[in-house]
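# Predicted model, plus sequence, below.
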Number of protein chains: 2
Amino acid sequence: MKTLNVELGERSYPIYIGTDLLSDKLLFEKHIRATQVCIVTNDTLADSYAKQVAAALSEFQLTTVVLPDGESFKTLDTLQRIFDQLLEERHNRTTTLIAVGGGVIGDMTGFAAACYQRGVDFIQVPTTLLSQVDSSVGGKTGVNHPAGKNMIGAFYQPQAVTIDLSVLKTLPARELSAGLAEVIKYGLIWDHSFFEWLELNISGLMACDLALMEYAIQQSCATKAEVVAADEREGGLRAILNLGHTFGHAIETHQGYGTWLHGEAVGTGMVVAAELSQVRGYISEQFVIRIRELISAAGLPTHVPSEMSNTEFLQLMAVDKKVLDGQLRLILNVGHGKSAIFDDITEESVKVALDRCRKEI
Amino acid sequence: MKTLNVELGERSYPIYIGTDLLSDKLLFEKHIRATQVCIVTNDTLADSYAKQVAAALSEFQLTTVVLPDGESFKTLDTLQRIFDQLLEERHNRTTTLIAVGGGVIGDMTGFAAACYQRGVDFIQVPTTLLSQVDSSVGGKTGVNHPAGKNMIGAFYQPQAVTIDLSVLKTLPARELSAGLAEVIKYGLIWDHSFFEWLELNISGLMACDLALMEYAIQQSCATKAEVVAADEREGGLRAILNLGHTFGHAIETHQGYGTWLHGEAVGTGMVVAAELSQVRGYISEQFVIRIRELISAAGLPTHVPSEMSNTEFLQLMAVDKKVLDGQLRLILNVGHGKSAIFDDITEESVKVALDRCRKEI
């Protein structure tokens, strides 16, 4: 087992990466404050991973909340069900919530922990590649609103993140690809040698080689931990983690949450961002081609939905959280393993980049 | 105008106390970060106080959210309306929410600010005595759940608290009394000379003498600020601010939110706490009589609802946030101007105290 630390002063916490951690009783107990524990999971995982964790914690007063599976249920209404059950089973301020699931479960459980009795402990047990390398680390929690993703939430750090590599073996191929989108992102924004390692090893990763996977997850979490430690509440630097996300969120909102997987939308969004970076002269056409090829080799879409007009893109991007006072702000590639935030982006240049990401008909 | 400071490091903020502050443009502008402002108020105040504040802020991009008036609307559903309107009018992360109203509006606006886009600025403009001396200071925000008060919320500090004394002139007598309950509380938990000042001046306060009111509010806010600065997240000391509240919350829950005013329930709750303190031998019968008389002179009830059994009390108190692992924890008077938290309280002693607070039939 490898341990990374997210350094956030009194809110610091460890990330454990290894195999068979779901039933590691002692590892959980280290981070459970008192006698009450509440596992939050979804109906797809309730009988598998959540049950494994529950078995390890049989000595606690244990509640399991089973939510419907999918991004479309990441709402205040679903959150209310967590609160209902916690109150029904009389969980108090010393309880510990454990999120067993992907990003949707992690984000909702974290937000529930942030709000329940004004804040209780929680542990992240991400069971998809995407949530292992992205949403489980960094303390962003929340739910969606019909008008936009993650519009309601909190910055709230877990006590620990437990990443069990064993779960990847049964992850559907589409979700593995979605996770690789965020992995590739770290290569693009921060670490070009990791990008080159990914180019070499993408087929092994697609085949879910656990040794390769462990390295990829470790590099991804280490980068995320470093960026988050430098800027916990997204005052500046942290925004680079959103490479491709403003375009991606627009796609997800337009298509209805859950139609495109988040990672798929981010994959395509990173291609649009790369094209826009090239339009502005920050990176070469050659590098854009490498980016496109790696994203495509990861089994991700590289074209925007054909029925989605440039105007629709710009409208949906205008309500994204990263838009300040009507001014579009986007993360762009500014070289190999380098990225930066820009607020002087013209709609015209965005349209050019989008058009380069349309399938020829 | 008097200014007090709540010392919380980088989350420190001022409390302004004076007359005609609702239209003090410059005072507001000092704490507004950018160009967007959203006033949150209720339908009783929309045409009066909220309009005054809006007039002072006409140069900003201004949204006003008008919520239904009353504790029964302090729910996640009502909160959703704030989010809906903020998103509809495209408020971004630099917006500032301004709560114009009593504790319900303040708690909900603060919680909305804590959650909207994971946290935006907010200013408290409390327009009832209760909210001026209590809920607007200290950063506790949240909404109710059918199973208990304030079960969902956050610790989130405002940028400033603006207390306009002028509003007290039109406050209904019942709400004035409800506010005095919390004022008396500060005398009981912290400052016996203030308790004695209140005994001398209670009739002037009941007549809403603004000079007396200013002193009472200042003393109350100063005590609250001192306690909160010592213990922002209620690890220990801060719990003394809950004197009478566990009994009070049980009454409010039993009667349905809004039937008893919060201050009325706390007034009676403090009488029960005083009796319980006397049962345990911490204070004299004489002091209990003085407490009862002051609370009664403030126009507050001193008897528990006759239809509410001791068993019902104990059941409702068991889900209160201050109950840890099934063990009742209560704040008791331990002398003049002194209080402390106890977790070794027997149900038997609670029943004795409750019975002493029943009207003879």
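Thanks, I have the structure now. Numbering: from 1, shown residues only, chains lettered A, B, ... in the order given.
# which parts of the longest helix that chain A contains are buried?
Longest helix in chain A by number of residues (criterion: DSSP state H): helix A:210-230. By 16 or more other Cβ atoms under 10 Å in any protein chain shown, the buried positions in helix A:210-230 come out as A:212-225, A:227-229. Where you see a C-beta, it was placed from the backbone N, CA and C, and this is true even at glycine.
# right, and the helix or strand after that helix?
Next along the chain after helix A:210-230, taking DSSP states H and E as the criterion, comes helix A:245-255.
# Please name every helix or strand in contact with the helix or strand just after that next one.
Going down the chain from helix A:245-255, the next helix or strand is helix A:262-279, by DSSP H and E. Under the contact criterion of 3 or more Cβ pairs under 8 Å, 6 or more residues apart in numbering or on different chains; DSSP states H and E, helix A:262-279 touches helix A:173-189, helix A:245-255, helix A:285-297, strand A:330-335, helix A:347-355.
# between these, which gets nearest to A:Glu264?
helix A:173-189 (5.6 Å; Cβ to Cβ).
# From the chain's centre, how far out is the closest one? Work that out for me.
10 Å (Cα atoms, centre = their mean, to the nearest Å).
# Return the list of helices and strands in contact with that helix.
helix A:129-130, helix A:192-206, helix A:210-230, helix A:262-279, helix A:285-297, strand A:330-335, strand A:338-342.
# Please identify the most buried of these.
With neighbours defined as mean count of other Cβ atoms under 10 Å in any protein chain shown, the helices and strands packed on helix A:173-189 peak in mean count at helix A:129-130, which reaches a mean of 28.
# Briefly note if the helix or strand immediately after it in the chain comes near chain B.
As assigned by DSSP H and E, the chain's next helix or strand after helix A:129-130 is strand A:140-145. Yes: residues of strand A:140-145 contacting chain B under Cβ under 8 Å from any Cβ of the partner chain: A:Lys140, A:Gly142, A:His145.
# can you tell me which residues contact A:Thr259?
A:Glu252 (Cβ atoms under 8 Å, 6 or more residues apart in numbering or on different chains).
# Test my guess that A:Cys38 contacts A:Val65.
Yes: A:Cys38 lies in contact with A:Val65 (Cβ atoms under 8 Å); the separation is 6.3 Å.
# Need the overlap of contacts for these two.
Joint contacts of A:Cys38 and A:Val65 (Cβ under 8 Å, 6+ apart) are A:Ile82, A:Gln85, A:Leu86.
# okay if I get those residues as CSV plus pLDDT and secondary structure?
Formatted as CSV, the shared contacts of A:Cys38 and A:Val65 follow (pLDDT from 0 to 100; DSSP: H, G, I helix; E, B strand; the rest coil):
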residue, pLDDT, secondary structure
A:Ile82, 98, helix
A:Gln85, 97, helix
A:Leu86, 96, helix
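# now A:Glu312: how far from chain B?
As judged by Cβ to the nearest Cβ, to the nearest Å, A:Glu312 and chain B stand 16 Å apart.
# Over to A:Lys185?
For A:Lys185, the distance to chain B (Cβ to the nearest Cβ) stands at 20 Å.
# Tell me the residues of the stretch 1-150 of chain A that contact chain B?
So far as Cβ under 8 Å from any Cβ goes, the stretch 1-150 of chain A lies against chain B at A:34-36, A:76, A:79-80, A:83-84, A:87-88, A:90, A:92-94, A:114-119, A:140, A:142, A:145, A:147-148, A:150.
# Mark which of those are part of strands, please.
Using DSSP state E, the members of these that fall in strands are A:Gln36, A:Lys140, A:Gly142, A:His145, A:Gly148, A:Asn150.
# Farthest pair within those residues?
Maximum pairwise distance among those (Cβ to Cβ): 34.2 Å, between A:Gln36 and A:Gly148.
# any idea which of the ones in strands among the residues of the stretch 1-150 of chain A next to chain B is closest to B:Thr44?
For these, the nearest to B:Thr44 is A:His145 (27.6 Å; Cβ to Cβ).
# How many neighbouring residues does the closest one have?
20 (other Cβ atoms under 10 Å in any protein chain shown).
# Who's the closest spatial neighbour of it, skipping the chain neighbours?
A:Met151 (4.1 Å; Cβ to Cβ, 6 or more residues apart in numbering or on different chains).
# about what we covered before: between the shared contacts of A:Cys38 and A:Val65, which has the most around it?
In terms of neighbours by other Cβ under 10 Å, those top out with A:Leu86 at 27 neighbours.
# Identify the residues contacting it.
So A:Leu86 contacts A:Cys38, A:Thr63, A:Val65, A:Thr95, A:Ala112, A:Tyr116 (Cβ under 8 Å, 6+ apart).
# mind putting those in JSON lines, pLDDT and neighbour count included?
Converted to JSON lines, these look like this (pLDDT from 0 to 100; neighbours: other Cβ atoms under 10 Å in any protein chain shown):
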{"residue": "A:Cys38", "pLDDT": "98", "neighbour count": "26"}
{"residue": "A:Thr63", "pLDDT": "97", "neighbour count": "20"}
{"residue": "A:Val65", "pLDDT": "98", "neighbour count": "24"}
{"residue": "A:Thr95", "pLDDT": "96", "neighbour count": "26"}
{"residue": "A:Ala112", "pLDDT": "98", "neighbour count": "27"}
{"residue": "A:Tyr116", "pLDDT": "97", "neighbour count": "26"}
